[in-house]
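> model this:
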Amino acid sequence: MQDFKKPYYSIYQRMGCAGEIYVNDVPVFSNFGKSSEGPGGVTGDIPINHALLKSGTHKIVGKIMPRHNKQSITEEEYMSLDFYHAEGELDRWKETRAKFHPRLKQPWNGLSENVNYPSFEITTEIEVNLPFELDGWQNSIDLLKMDEKDLLQQVISYYTQIHAVLRSHNASKFLELSQEKMKLQEQAFYFSEERKKSFRDGAFSLFNQKLEVLPLNPAELKLDIIGYGKLVRLLRLDGGMALQYKSSNPEQQENIEFDIKLHMRTKEKGFSII
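Numbers count the residues shown, from 1 in each chain. Prediction:
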């Protein structure tokens with residue numbers, strides 16, 4: 001494997017299905033709803049340094065699920081994942097980008113018969129070498145040991161606070177609540193001061209659009225415990241994110257979703273965004 005000063009790891013996904021991609025039980029990409037309708041698919045590069053956190057072996061899972069309004073997977077659904085690394089300096093990223101692990105894909109090629117699953121997982125392990133070990137959620141409280149009803153109540157309470165911030169279009173408050181997550185991402189992706197400013201400017205630009213936020217109805221939400229029990233988020237029953245701004249142009253663009261993951265370093269400190 002090539003030795004980079006600031007290694008930048010990513011997964012290039014091709015998804016002709018609904019589903020999610022996980023790194024160490026942390027979702028890094030989701031495709032649900034109308035965007036998963038056939039016959040085409042979605043493609044794109046997914047940065048994953050923020051989910052790796054440190055050097056070593058990491059588990060990758062691709063969850064293939066039925067397309068929107070379908071009940072099962074057929075031989076027409078597909079997912080393939082290619083694994084890349086590159087030098088993290090932005091001006092060298094394209095010229096240094098190279099594959100470092102074999103492609104992961106579904107075990108059929110559109111020719112198989114009798115493919116009829118409610119879902120299907122493809123898995124592999126990758127080996128990475130990073131110049132840091134980030135303080136993420138590794139040592140946070142195991143949420144699986146908490147009472148589920150109490151956990152749900154606490155998570156909904158925190159999400160309600162974030163929902164109020166989105167409704168008031170208070171970008172400064174949202175960035176304040178997101179400080180821990182932002183610091184981790186800045187370290188994981190070697191953000192320059194210019195890039196940090198660009199990220200913040202983007203947040204203010206979004207909030208200044210004064211978009212309408214979707215209602216947060218507990219009856220339409222479900223708890224999703226991830227990260228081997230160290231992270232939690234709320235999802236809508238259709239798999240979409242609980243917190244969403246309504247699109248200003250629904251025919252051209254889907255809603256803007258906020259993938260808010262929470263962890264709890266100590267019970268005294270309570271939840272925070274990570």
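> State the distance from H101 to I126.
5 Å (CB to CB, to the nearest Å). Placement of C-beta: from N, CA and C, glycine included.
> which neighbours do these two share?
F83 (CB atoms under 8 Å, 6 or more residues apart in numbering).
> can you give me the helices in this structure?
Secondary structure of the chain (DSSP state H): helices located at 49-52, 93-96, 148-167, 171-177, 179-188, 193-207.
> Which of those comes out lowest on mean pLDDT?
Per-stretch mean pLDDT for those is lowest at helix 93-96 (a mean of 85).
> Mind listing residues that contact it?
Residues lying outside helix 93-96 but in contact with it, judged by CB under 8 Å, 6+ apart, are 2, 4, 8, 86-87.
> got it, and stretch 182-193?
Stretch 182-193 has contacts (CB under 8 Å, 6+ apart) with 6, 8, 47, 49-50, 52-53, 88-89, 132, 134-136, 175, 196, 199, 274.
> Please pick the buried ones from the residues you listed.
Among those, those that count as buried by neighbour count (16 or more other CB atoms under 10 Å) are 6, 8, 47, 49-50, 52-53, 88, 134, 136, 175, 274.
> lowest-confidence helix or strand of the chain?
helix 93-96 (a mean of 85; mean pLDDT, DSSP states H and E).
> Flag every buried residue along stretch 222-240.
For stretch 222-240, burial by neighbour count (16+ other CB under 10 Å) applies to 225-227, 229-236, 239-240.
> same thing with stretch 55-70?
58, 60-68, 70.
> For burial, what's the neighbour tally of K197?
Other residues near K197 come to 11 when the count uses other CB atoms under 10 Å.
> go on, the one 3 residues further on?
Each residue near R200 was counted by other CB under 10 Å, and the total is 14.
> Return the closest of the buried residues of stretch 222-240 with respect to H163.
The closest of the buried residues of stretch 222-240 to H163 turns out to be L234 (CB to CB; 10.1 Å).
> For the closest residue to the closest one other than its chain neighbours, give me its contacts.
Closest residue in space to L234, ignoring its immediate chain neighbours: A242 at 3.8 Å, by CB to CB, 6 or more residues apart in numbering. By CB under 8 Å, 6+ apart, A242 lies in contact with 159, 216, 221, 233-236, 260.
> Could you measure from A242 over to E37?
22 Å.
> before we move on, what about M65?
For M65, the distance to E37 - CB to CB - is 13 Å.
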